[in-house]
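Q: here is the input, now give the coordinates:
(chains A and B)
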2 protein chains.
Amino acid sequence: MHRNEDKPKAIDLSHHLSNVSKARKTSPLKGLQRYAGKEGVVQMAGGFPSPAYFPFSELSAEGLIPDSFPLSPTSSSTSAFSWLLKFFQGSKISEKTTHLTIPKYPAGPNDLNLAASLQYGMAKGAPQLQKILDELVYKVYKPAYKDSVILVHAGNTDAWFKCVQTFCNPGDGVLVSEWTYPSAVATMVPYNIKPVAVPMDGLGMSSVGLRKILEKWDESTSGMPRPRVMYIVPIGQNPTGATMGIDRKQEIYDICVEFDVLIVEDDPYYFLQEAPYVPRSERSATVRFNNDEAYLSSLVPSFLSIDYQGRVIRLDSFSKTIAPGCRLGWFTCNSTFAERFERQGETTTQAPCGFGQSIVTALLLNWGYDGYIRWLRALTSQYQLRRDFILDCLGDEFHLKLDYETSGVWSGCDIYRAYDKAPADVAFNEKLGAIKPMFSLVPPTSGMYIWLQLHLENHPSFGSVGDGETLEMQLWIDLAEAGVLFAPGWMFSAKEENTDAPGEGHFRISFSNADFEVMKKAITTFGVVIRKFFEKQ
Amino acid sequence: MHRNEDKPKAIDLSHHLSNVSKARKTSPLKGLQRYAGKEGVVQMAGGFPSPAYFPFSELSAEGLIPDSFPLSPTSSSTSAFSWLLKFFQGSKISEKTTHLTIPKYPAGPNDLNLAASLQYGMAKGAPQLQKILDELVYKVYKPAYKDSVILVHAGNTDAWFKCVQTFCNPGDGVLVSEWTYPSAVATMVPYNIKPVAVPMDGLGMSSVGLRKILEKWDESTSGMPRPRVMYIVPIGQNPTGATMGIDRKQEIYDICVEFDVLIVEDDPYYFLQEAPYVPRSERSATVRFNNDEAYLSSLVPSFLSIDYQGRVIRLDSFSKTIAPGCRLGWFTCNSTFAERFERQGETTTQAPCGFGQSIVTALLLNWGYDGYIRWLRALTSQYQLRRDFILDCLGDEFHLKLDYETSGVWSGCDIYRAYDKAPADVAFNEKLGAIKPMFSLVPPTSGMYIWLQLHLENHPSFGSVGDGETLEMQLWIDLAEAGVLFAPGWMFSAKEENTDAPGEGHFRISFSNADFEVMKKAITTFGVVIRKFFEKQ
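A: Next up, the predicted model:
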């Protein structure tokens, strides 16, 4: 409906289907289904319980209104958060809600219908949800080919698993960023499908590094065929927080066309694209965008927008925009792949939970497209507020010195190096020459993570007591003992063990969840622990 | 808590784990998790959105009360259903409901908590649900070993898929009944895991047939190792409707111990164990059981009750007792397997949907154990009513003559053979000798299916126009064209194609869903169509 009929159709990419996926038969019922849709047909074939026996006559919820959160990130001093604390402390006083109701037997044929939602057979999702997703995909992502298909799924984790089963054979490799979401790797490794680590820079996956790997691929030395599948989190990259611009996406896409690689775009943080970090002293509290359209225009386009062949499988999720417990998201991909995903769904998850599907649909129907965009815009603002707050806390705790990185993961980025703050009685500049940074970071412009690069090479015991990982874990345990849990960096490495550069150590800090006061305290604790750690012999 | 500490512990069955399952690493976070539970620890490791950003302040539902349906199956003349029709026609007049509410931030620490339900990390299920399932499993199924584990899952279809991945390697075979749930077979075949069809009789899978297959197994002729895994639907067997008594279960269990076979007990219809069919003329409308305890005692015990080794993986589902859209059920199995299922869950479905989990839990908390048993007891009565009704309809349409079956799937059963009713002007007994039955059936005593064995060998074109499957499909299409859909029998065959006895043909009729008046009309249509079909040359 929102599709541009002038666009090309997807090319045939069915040679990418795995042996398992090819062996999946078309549902035996398929040929019989033309009878099922006919008016007045009596369905006594399926094991459907009567909806009369569903022990619910109505499902309802109090949904927040789309403008529950302000559009302007307010000043990030802790005292200014009192209005927000009400949310976090469970007070309902300030929550403006709208009543959502899904009756079992609604009055109108197009109304949400609990009886239908709780029955089998909604594998493609409720028609109302389909329509909403269709509008979102075609207005925001703008697929570059005309016959793309939207198919609901039970969350991006399961969707990625379905991709692995659909495209990869045992012995295959999958291109991933050198630091990547560990669950994505854990999904494929048991099937003897190995991650192939592509170098990163400040924009995420390096196109130069990608080309090098594909051009120089040698099946005999690597022990696997040249990878045909890429897994990528282009926005709010997990764990580095990198944001990939459209130019880099185009470079990567073109290489994937050249080497016939499929791109699985796992993009849960897409709408959480924050403004560049501005230190507190220079920050103003203005509203970032004049309107929703300006917000949407500011978002880096999806790989879908340049995918004229249908080689992108985009995974969207409501986990970060509504709630993880929805276990609801959707594929956007070519029709051949969508049909295979649907068949796979029939023998695994079937349809996403009907309670979740119907209540999320009711909320989105109530909000409308504009309401949802308004919600996302404010949510982004909230994450920006949280990002600013935690960076401010780090700035309070450490001396953050701006530098420019010329190599490694943050190559090409303005980077902050964190030094111990000089004791009050010594002029900072005097002391500066004598100390070395404890960690570095690049303020992310999307997602919910800060990636700390620990300068373990500056630790007095470096090289004598053990390798980088050992020091990383020593610091992690010191911090955990002090009551603060960050994610240790080794979890995110896509490389074979023990190939990290010596002294490499990282923490991923999530700023998405903890209360502001708690974050402040955690960073203070981190300061105490890491200073003590760097003094240890 | 309800476990009998005197019972033995499960034996080590870890040699059954598939290569994929063995290769699944323990979660890298596992070793770090001992810090996560500590009081006052600040969690900034995971990508958890703040619950403040979940756009719901409350989830609620109108749940039916446990005694919404009567305990006595009332007379099955259509006119007597007016009270029931109100449910089926969507009238809420007679529905007594109770208001269920799950606040985002509840007052008490043990209250259901929407913020927690919608967050990541409920892979084991909400603690309140755990407790409910624990009570149900230990009171009703009574596992025969003491260290069994309950783990929620996203429905039995996905749970069976997880079993296949956890226990089977490519090239393996799985023991199934010769007629079986097609989706269970479709789950494994793409992975080159083949069904091994075990003969059936009136009690379901034949223990004699099973022993013969395992004893005589020859890896070189069959091309696969002796099967180590069995898939079985012992109650309301899909498609035959057979109910397996405890003696047969014990025979099968003992053979599985002898040959080291795991039993996956897929048991969605467990609570729907109906009384034997009594023809309408002899039927009384008395309440079947004096109390819930008598109802529970009447249920055939689960394989769990005799499993002293931990080789049974029981799959339970709320699909048939609450609603399919819940996509919620649970494994009961030994702790080694449960741990592997949980790891697999982490990289696929994660936790079942939080909306579904919390609303089902709220309903069950409201009902209590006794309320749920009351609900199940009435539900069974409803299915009995429906079964009686459809059999009565068949009795109105055909002359059902009672016989005793001595061979094949219904061996050992009283069986009804369906003859054309003699035209009104001919004495029935005179005509009887001249006609042959069109189909046979055994009234099921559990589940929701009637399995019709078509006597295609009595069709005038039998042997001349094609094989049994062709005639079966011809009749199926005739019936579909007339507006009635039954499930064609070939879908359920676990045997290699074209090995069926010639003339075999079946329909599975589901009596679970259609309105009573509609079922009546459908059977009348079936009568017209099949009579015409058997006259065709």
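Q: which stretches of chain A have low pLDDT?
A: Chain A contains residues with pLDDT under 70 at A:1-3, A:27-31, A:73-94, A:122, A:422-434, A:465-469, A:496-503, A:537.
Q: center of chain A, which residue is that?
A: Geometric centre of chain A, nearest residue: A:P268, 3.2 Å, by C-alpha atoms, centre = their mean.
Q: so A:G527 sits right up against A:C393, yeah?
A: No. Counting by C-beta atoms under 8 Å, A:C393 is not a contact partner of A:G527; they are 9.1 Å apart. Any C-beta I mention is one placed from the backbone N, CA and C, and that applies to glycine too.
Q: picking up where we left off before, which residues touch the residue nearest to the centre of chain A?
A: A:N156, A:V233, A:G236, A:L315, A:D316, A:S317, A:S319, A:K320, A:G329 (C-beta atoms under 8 Å, 6 or more residues apart in numbering or on different chains).
Q: looking at those, which one is closest to chain B?
A: Nearest to chain B out of the contacts of A:P268 is A:K320 (C-beta to the nearest C-beta; 5.8 Å).
Q: show me where the stretch 351-500 of chain A has its helices.
A: For the stretch 351-500 of chain A, the helices defined by DSSP state H, counting those that start in this stretch occupy A:354-397, A:428-432, A:468-481.
Q: out of those helices, nearest to A:S117?
A: Closest approach to A:S117 among the helices of the stretch 351-500 of chain A (C-beta to C-beta): helix A:354-397, 3.9 Å.
Q: how far does that closest one sit from its chain's centre?
A: 14 Å (C-alpha atoms, centre = their mean, to the nearest Å).
Q: tilt between it and helix B:354-397?
A: 170 degrees (axes from the mean of the first three to the mean of the last three C-alpha atoms, to 10 degrees).
Q: is chain B contacted by helix A:354-397?
A: Yes. Using C-beta under 8 Å from any C-beta of the partner chain, helix A:354-397 reaches chain B at A:G354, A:F355, A:G356, A:Q357, A:I359, A:L363, A:W375, A:L379, A:Q382.
Q: between those, which sits nearest chain B?
A: A:G354 (2.5 Å).
Q: what's the domain layout of chain A?
A: Using automatic domain parsing, the domain parsing of chain A gives A:58-383, A:385-535.
Q: quick check: residues of the stretch 251-400 of chain A near chain B?
A: Residues of the stretch 251-400 of chain A lying near chain B (C-beta under 8 Å from any C-beta): A:319-320, A:322-328, A:346-357, A:359, A:363, A:375, A:379, A:382.
Q: follow-up on the earlier one: out of A:G527 and A:C393, which sits in the busier spot?
A: Neighbour count, other C-beta atoms under 10 Å in any protein chain shown: between A:G527 and A:C393, A:C393 has more, with 22 against 19.
Q: so that one sits right up against A:I523, yeah?
A: Yes. The pair A:C393 / A:I523 is scored as a contact, 3.9 Å apart, by C-beta under 8 Å.
Q: quick one: contacts for A:Y145?
A: Contacts of A:Y145 by C-beta under 8 Å, 6+ apart are A:K7, A:P8, A:K9, A:A10, A:D307, A:Y308, A:Q309, A:G310, A:N334.
Q: please, which helix or strand holds it?
A: Per DSSP states H and E, A:Y145 falls between elements, in no helix or strand.
Q: same deal with A:A61?
A: With DSSP H and E as criterion, A:A61 is part of strand A:56-64.
Q: adjacent strands (with direction) for that strand?
A: When sheet partners are counted by DSSP bridges, strand A:56-64 sits next to strand A:97-103 (antiparallel), strand B:56-64 (antiparallel).
Q: not counting its neighbours along the chain, what's nearest A:G371?
A: A:P66 (3.7 Å; C-beta to C-beta, 6 or more residues apart in numbering or on different chains).
Q: my guess is that neighbour meets A:R377, correct?
A: No. Taking contacts as C-beta under 8 Å, A:P66 lies outside contact range of A:R377: 9.2 Å.
Q: between the two, which contacts overlap?
A: Joint contacts of A:P66 and A:R377 (C-beta under 8 Å, 6+ apart) do not exist.
Q: so how far is A:Q237 from the residue in the stretch 201-350 of chain A positioned nearest to chain B?
A: Here the stretch 201-350 of chain A gets closest to chain B at one residue, A:G325, 2.5 Å apart by C-beta to the nearest C-beta. Taking C-beta to C-beta, to the nearest Å as the measure, A:G325 falls 24 Å from A:Q237.
Q: repeat that for A:T26.
A: Applying C-beta to C-beta to A:T26 and A:Q237 gives a distance of 38 Å.
Q: same question, A:T470
A: Distance from A:T470 to A:Q237, by C-beta to C-beta: 26 Å.
Q: and the two? Which one has more around it.
A: More neighbours surround A:Q237 than the other of A:T470 and A:Q237, with 27 against 13 (other C-beta under 10 Å).
Q: give me the secondary structure label for that one.
A: coil (DSSP: H, G, I helix; E, B strand; the rest coil).
Q: for it, give its distance to B:H99.
A: 45 Å.
Q: got it, and A:D316?
A: In terms of C-beta to C-beta, A:D316 sits 34 Å off from B:H99.
Q: of these two, which one has the most company?
A: Neighbours were counted for A:D316 and for B:H99 using other C-beta under 10 Å; A:D316 has more, 27 against 12.
Q: assign that one to helix, strand or coil.
A: Classified using three-state DSSP, A:D316 is strand.
Q: who does it bridge with?
A: A:W330.
Q: with neighbour count added, can I get the residues of helix A:354-397 next to chain B in JSON lines?
A: Converted to JSON lines, the residues of helix A:354-397 next to chain B look like this (neighbours: other C-beta atoms under 10 Å in any protein chain shown):
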{"residue": "A:G354", "neighbour count": "28"}
{"residue": "A:F355", "neighbour count": "31"}
{"residue": "A:G356", "neighbour count": "28"}
{"residue": "A:Q357", "neighbour count": "29"}
{"residue": "A:I359", "neighbour count": "30"}
{"residue": "A:L363", "neighbour count": "22"}
{"residue": "A:W375", "neighbour count": "24"}
{"residue": "A:L379", "neighbour count": "20"}
{"residue": "A:Q382", "neighbour count": "22"}
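Q: nearest to B:N19, of these?
A: A:G356 (33.9 Å).
Q: burial count for the closest residue to A:C413 other than its chain neighbours?
A: Nearest residue to A:C413, sequence neighbours excluded (C-beta to C-beta, 6+ apart): A:G202, at 3.6 Å. A:G202 has 20 neighbouring residues, counting by other C-beta under 10 Å.
Q: spit out the contact partners of the closest residue to A:M473 other than its chain neighbours.
A: What sits nearest to A:M473 in space, not counting adjacent residues and going by C-beta to C-beta, 6+ apart, is A:P488, at 6.4 Å. Neighbour list for A:P488: A:E472, A:M473, A:W476, A:H506, A:F507, B:L32 [criterion: C-beta under 8 Å, 6+ apart].
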